[in-house]
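Student: curious how this folds, go ahead:
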Amino acid sequence: MTTAIIYSPVYLEHRPHGYHPESPRRLEEAMEALRSFGLLDQEHCVIVEPRLATLEDLMLVHDKAYVERVKRLVESGTRYLDGDTYLSPRSFEAALLAAGGVMKACEIVLEGKYINAFALVRPPGHHAGVYGKALGAASQGFCIFNNVAVGVMHLLRRKGLGRVMILDIDCHHGNGTQDIFYESSQVLYVSFHQDPRTLYPGTGYVDEIGVGEGKGYNINIPLPPGSADDAYMKAWAEIVEPVSRSFNPEFVVMSVGYDAHHDDPITMMGLSTQGYVDLFNKALELAASTCNGRFVAALEGGYGMFLAESVAATIASMSGVSLPITSQRTMSKDEVMKRVEGVLMRLKENLKGIWSF
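Tutor: Residues are numbered from 1 along each chain as shown. You can find the predicted model right below:
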């Protein structure tokens, strides 16, 4: 089992002006962890260079005027795309490589060159919608182009696939991804995230299930603060498992935000590193049983000291290796689990008649 890791040093050239949680240090520490655990010294993982996305690639999901605006702002030396999202001299190039990196990951897995792939990219992408800001959010939440959406649309429009599943486990709702695929029945978008009443971007409620042909194909699982490993596993068993089996994807893509970790400095969730490994294992099992193991993960958020070990542990699981991590599984408080059960009940009611539970 050889896992491709899509990475380029250019990703480090997207640089903030002073302190910012989304910094090059995230990838530097992740790469160091991969080396220290020996994952890059074995045949289990191989570094693969990304390619630059083209204007035509980005226009698979983004409006041309938005893409040109980003390019113009970077070239003019503008320091911020919005209040949360910074720009630096090589940000446009890094963003092209991030989107192109996910496309490359999807291509090499589809072609059977690697069993699966992890796109270790930045800037992140899932808050970027068709026109940039999406669904009324105040900012783009550190994102420039929607890397995963570009990769998925590449599979649908150019590679002949008809059903792709996106699993989004970032702590923040992927409002950009929802915006792009909300009317599509070709993409099953399932997002685990912290209750939008308590966290940016304030979207992703259980009644946001898609419209038109896409009705029922947009599934939000907004979990209360404090939701731990057991809450995620319960939601997987009751919602994700039956829906995904019925959808029967031809490819599984995961937007991976490690910011649902209990030690993340800007969120309030309770996942452990072992919990992330468990989620990856569930996704890998799903891909193995439905689409010959076709699975790509792409980095989104995650800003704490735990990030490097969590990236290494989940990439190890993709390549069939178990790392000696010390993380213990976490349990939600009783009142949190009661709220989780309420969320799942309401979600099933909203999806009744579309999916069987």
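Student: got the phi/psi numbers for residue 132?
Tutor: The phi/psi pair for residue 132 (degrees, to the nearest 10) reads phi 100, psi -110.
Student: meant to ask about residue 252
Tutor: phi -120, psi 130.
Student: so it makes contact with residue 291?
Tutor: Yes: with contact defined as CB atoms under 8 Å, residue 252 reaches residue 291; the gap is 6.5 Å. Quick note: C-beta positions are derived from backbone N, CA and C, even for glycine.
Student: neighbour-wise, which of the two wins?
Tutor: When neighbours are counted by other CB atoms under 10 Å, residue 252 comes out ahead of the other of residue 252 and residue 291, with 25 against 20.
Student: mind checking the SS state of residue 255?
Tutor: Reduced to three states with DSSP: H, G, I helix; E, B strand; the rest coil, the structure at residue 255 is strand.
Student: okay, now the closest residue to it other than its chain neighbours: neighbour count?
Tutor: In space, not counting the residues next to it along the chain, residue 255 is nearest to residue 168; the distance is 4.1 Å by CB to CB, 6 or more residues apart in numbering. Other residues near residue 168 number 25, with proximity taken as other CB under 10 Å.
Student: in this structure residue 168 contacts residue 254, no?
Tutor: Yes: with contact defined as CB under 8 Å, residue 168 reaches residue 254; the gap is 7.5 Å.
Student: what's the burial count for residue 12?
Tutor: The number of residues packed around residue 12, counting by other CB under 10 Å, is 18.
Student: find the nearest non-adjacent residue to it, please.
Tutor: For residue 12, the nearest residue in space outside its immediate sequence neighbours is residue 24; the separation is 4.0 Å by CB to CB, 6+ apart.
Student: gap between that neighbour and residue 9?
Tutor: Here the distance between residue 24 and residue 9 works out to 10 Å (CB to CB, to the nearest Å).
Student: of these two, which one has the most company?
Tutor: Set side by side, residue 24 and residue 9 show more neighbours around residue 24, with 17 against 11, by other CB under 10 Å.
Student: which elements pack onto the top strand by length along the chain?
Tutor: Secondary structure of the chain per DSSP state E: the longest strand is strand 187-194. Contacts of strand 187-194 with other secondary structure elements, assessed using 3 or more CB pairs under 8 Å, 6 or more residues apart in numbering; DSSP states H and E, are made with strand 164-168, helix 175-181, strand 218-223, helix 241-247.
Student: now with 10 Å, please.
Tutor: With contacts taken as 3 or more CB pairs under 10 Å, 6 or more residues apart in numbering; DSSP states H and E, strand 187-194 sits against helix 147-158, strand 164-168, helix 175-181, strand 218-223, helix 229-235, helix 241-247, strand 251-256.
Student: output it as PDB, restricted to C-alpha atoms.
Tutor: Coordinates of the C-alpha atoms in strand 187-194 are reproduced here as PDB (Å, rounded to 0.1, in the frame of the first residue of the first chain):
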ATOM      1  CA  VAL A 187     -21.800  15.000  -5.100                       C
ATOM      2  CA  LEU A 188     -22.800  13.800  -1.700                       C
ATOM      3  CA  TYR A 189     -21.400  16.400   0.700                       C
ATOM      4  CA  VAL A 190     -21.300  15.400   4.300                       C
ATOM      5  CA  SER A 191     -20.000  17.900   6.800                       C
ATOM      6  CA  PHE A 192     -19.200  17.300  10.500                       C
ATOM      7  CA  HIS A 193     -18.700  20.700  12.200                       C
ATOM      8  CA  GLN A 194     -19.200  22.600  15.400                       C
END
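Student: so what strands line up beside it?
Tutor: Strand 187-194 pairs in its sheet with strand 164-168 (parallel), strand 218-223 (parallel), by DSSP bridges.
Student: angle of the first one against strand 251-256?
Tutor: I take that to be strand 164-168. For strand 164-168 and strand 251-256, the angle between their directions (axes from the mean of the first three to the mean of the last three CA atoms, to 10 degrees) works out to 20 degrees.
Student: you'd agree residue 90 is up against residue 98?
Tutor: No: between residue 90 and residue 98 there is no contact, the gap being 11.9 Å when judged by CB atoms under 10 Å.
Student: all helices of this structure, in order?
Tutor: For the chain, the helices defined by DSSP state H cover 25-36, 55-58, 64-75, 91-110, 147-158, 175-181, 229-235, 241-247, 273-290, 307-318, 334-350.
Student: any buried residues in the fifth one, and which?
Tutor: In this case it means helix 147-158. Taking 16 or more other CB atoms under 10 Å as the basis for neighbour counts, the residues of helix 147-158 that come out buried are 147, 148, 149, 150, 151, 152, 153, 154, 155, 156.
Student: wait, what's in contact with the last one?
Tutor: When contacts are counted by CB atoms under 10 Å, 6 or more residues apart in numbering, residue 156 touches 60, 162, 163, 164, 181, 184, 186, 187, 250, 251.
Student: so how far is residue 51 from it?
Tutor: 19 Å.
Student: then the fifth one?
Tutor: When CB to CB is applied, the distance between residue 151 and residue 51 equals 12 Å.
Student: okay, and the common contacts of these two?
Tutor: Contact with both residue 151 and residue 51 is made by residues 57, 99, 100, 101, 103, 104, 107, according to CB under 10 Å, 6+ apart.
Student: what is the most widely separated pair among those?
Tutor: With distances taken as CB to CB, the most widely separated pair in the shared contacts of residue 151 and residue 51 is 99 and 107, at 12.9 Å.
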